[in-house]
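1. just coords:
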């Protein structure tokens, strides 16, 4: 499925959709419901997920580089191995709980609540954070190479 640059439609209902390997580069998925969707190996580069429901979606290991994930529901989503480099996050708090082996290099995490997140092997090199970004207890963001706004 190749929908590069197309608008899926505000509020589109794609609950449980099988979008395995789909190329959704630059797609506008604003307000879509992708609850439980299978986006395994999907290409979602620069896609707009503003106010989108991705709860319980399989994004392993999808490419979401430079995606807009503002106010996106990622509760229970499988992001294992996903590329979220340069992505914009502002879902205060981030509720996916597991960011192990995720590439967040260069991502905008300003003001994002990451408490309770698993961050083993997570690449946070040059991720943009601020004093309002909250971290799991005992996590050292400076050692991870983040940049403070």
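-> Noted; the coordinates are in hand. Computed from a predicted structure; not experimentally measured.

2. same for the helix or strand bottoming out on mean pLDDT in the chain, what does it pack against?
-> None of the helices or strands of the chain scores lower by mean pLDDT, DSSP states H and E than strand 88-89, at a mean of 90. Other helices and strands packing on strand 88-89, by 3 or more Cβ pairs under 8 Å, 6 or more residues apart in numbering; DSSP states H and E, are strand 68-69. Any C-beta I mention is one placed from the backbone N, CA and C, and that applies to glycine too.

3. let me see the mean pLDDT of the strand it packs on.
-> Model confidence over strand 68-69, given as mean pLDDT, is 95.

4. name the residues that touch that strand?
-> The contact list for strand 68-69 (Cβ atoms under 8 Å, 6 or more residues apart in numbering) reads 46, 47, 48, 49, 50, 84, 87, 88, 89, 90, 91.

5. distance from that strand to the middle of the chain?
-> Centre-to-centre, strand 68-69 and its host chain are 7 Å apart (Cα atoms, centre = their mean, to the nearest Å).

6. the helices in this protein, which residues?
-> Counting by DSSP state H, the chain yields no residue ranges for helices.

7. shaky segments in it?
-> 1-7, 9, 91-92, 97 (pLDDT under 70).

8. what about the strands in it?
-> Under the criterion DSSP state E, strands of the chain are mapped to 68-69, 88-89, 128-129, 147-148.

9. could I get these as a markdown table with distance to residue 110 and mean neighbour count?
-> Shown next, in a markdown table, are the strands of the chain (distance: least, Cβ to Cβ, whole Å; neighbours: other Cβ atoms under 10 Å):
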| stretch | distance to residue 110 | mean neighbour count |
| --- | --- | --- |
| strand 68-69 | 13 | 23 |
| strand 88-89 | 8 | 22 |
| strand 128-129 | 6 | 20 |
| strand 147-148 | 9 | 12 |
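
10. save those strands as JSON lines, and put in distance to residue 41 too.
-> Formatted as JSON lines, the strands of the chain follow (distance: least, Cβ to Cβ, whole Å):
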{"stretch": "strand 68-69", "distance to residue 41": "18"}
{"stretch": "strand 88-89", "distance to residue 41": "22"}
{"stretch": "strand 128-129", "distance to residue 41": "27"}
{"stretch": "strand 147-148", "distance to residue 41": "30"}
